[in-house]
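Enquirer: got a structure for you, letters missing:
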């Protein structure tokens, strides 16, 4: 299997008059493949959240058990993104992404066919938990090969903008999942499946679409320019910025050198990883808990809080692109300055969100308006640093360590920022200390993220 996944060898260079035309065509294909491929991974990641209401109503699983099962995805993904990152650096990105997506889809499809019984909710939870662990692990095969592709096909001073556009793929994937899950449930009912079992469609149809996407990715993605008879992107664009390794870009870095020299001894990468913890705490802490907070405090109805949640997420599409454009247009691809700027604006939004009652003077309608504005501001600005921190990790290591670096930084974000702090930690804090103290944690997290994001400022400038 390891030999099968080996990166393809470099081919002889194409004739000079074909290089520019081929390069432009291939870059577009590779970008589209990475975009729809990563979106495909989000079609088979959060399906349990959409199927859960039907499973709970049918007595197949309890709310507490759903929470435990959902946590499996985040925990497994945190470790997988790191470990699979190092594997992807030594593998063909095309094969790696496609195999991972197909296996993820088949695993996520399984609950749609398993004959769960309402008489055995604990056993149902264990089965779903194990499947979600597999899904979380396989999800780690998505980002690293995409990071490898973007590192090899796009040079540093253009990468921040193009990767910011690419990073919106997960938002499109998540949005499409909701539509496909609804369509899947409706489809099963039309086929005569009882409505109490229609939740299975949330697993089945999105998984089938993800498999179809995997085949499209196989047609579009190629590992490196050299494997297509093209020069490296640095030579083609005459852009030689970035970190260099002691071996050629297309060669494998020895595993000890990869982890010791380029990851564990890389102080700036550690700073970026810790910054990612606090960025993810804000990202998931506000996003995941907003509907509960707004409804429990009587600030919004369920419909209004769902609208606020949607606006918060959709604003991230435009904010991510804007952050990447600012990085490329004004900072020559550097990530630290826009990260600090955008987290500073997130800080303002977090303060508005926390103090909405005070700022509104007790007027319910005014408080509602302030919260809408705060969530849009936070959503617009938080996803830019989420994207650029991943890009920053790529820029701080050689190209053939890109997947490992991205996985290392992602491990900190998903495990500590998301699973430990945003989910378990915030849940306990809300239960013990209430909402006021809990919401105060977000401005503090913004300040810590700004400080840590600023640490690579001078080093990035020196690299150019």
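Expert: That came in fine, so what should we check first? The structure displayed is predicted, hence computed values, not measured ones.
Enquirer: ok, the closest residue in space to residue 359 that isn't next to it in sequence - how many residues close by?
Expert: Excluding its sequence neighbours, the residue lying closest to residue 359 (C-beta to C-beta, 6 or more residues apart in numbering) is residue 370, at 5.5 Å. Glycine gets a C-beta too; all of them are placed from N, C-alpha and C. Residue 370: 20 surrounding residues under other C-beta atoms under 10 Å.
Enquirer: from memory residue 370 sits against residue 351, does it?
Expert: No - applying C-beta atoms under 8 Å, one finds residue 370 not in contact with residue 351, separated by 10.7 Å.
Enquirer: re earlier: where's the residue nearest to residue 359 relative to residue 377, distance?
Expert: Per C-beta to C-beta, to the nearest Å, residue 370 is found 10 Å from residue 377.
Enquirer: same check, this time on residue 439
Expert: Separation of residue 439 from residue 377 (C-beta to C-beta): 15 Å.
Enquirer: element containing residue 365, please.
Expert: helix 364-395 (DSSP states H and E).
Enquirer: What residue spans form the domains of the chain?
Expert: 1-227, 253-464 (automatic domain parsing).
Enquirer: Name the next helix or strand downstream of the lowest-mean-pLDDT helix or strand in the chain, please.
Expert: The least trusted helix or strand in the chain, going by mean pLDDT, DSSP states H and E, turns out to be helix 255-259, with a mean of 66. Following helix 255-259 in sequence order, the next helix or strand is helix 267-296 (DSSP H and E).
Enquirer: tell me which strands and helices that next one is in contact with?
Expert: Contact partners of helix 267-296 among helices and strands, from 3 or more C-beta pairs under 8 Å, 6 or more residues apart in numbering; DSSP states H and E: helix 302-331, helix 336-354, helix 364-395, helix 402-411, helix 426-433, helix 435-454.
Enquirer: Buried residues, that helix. List them.
Expert: Going by neighbour count (16 or more other C-beta atoms under 10 Å), the buried part of helix 267-296 is 268-287, 289-291, 293-294.
Enquirer: what do you get for stretch 48-63?
Expert: For stretch 48-63, the neighbour count (16+ other C-beta under 10 Å) marks 48, 50, 51, 52, 54, 55, 56, 58, 60, 61 as buried.
Enquirer: Which residues does that stretch contact?
Expert: For stretch 48-63, contacts defined as C-beta atoms under 8 Å, 6 or more residues apart in numbering pick out 66, 69-70, 73, 111, 116-118, 121, 124-125, 128, 132, 177-178, 181, 185, 196-200, 202-203.
Enquirer: Swap in 6 Å and give it another go.
Expert: Under the contact criterion C-beta atoms under 6 Å, 6 or more residues apart in numbering, stretch 48-63 has outside partners 66, 70, 116, 118, 121, 124, 125, 181, 196, 199, 202.
Enquirer: Over to stretch 100-112?
Expert: Residues from elsewhere that reach stretch 100-112 (C-beta under 6 Å, 6+ apart): 40, 44, 47, 131, 134-135, 138, 141, 200, 203-204, 207, 210-211, 214.
Enquirer: Show me which of these has the smallest pLDDT value.
Expert: Lowest pLDDT among the contacts of stretch 100-112: residue 47, with 86.
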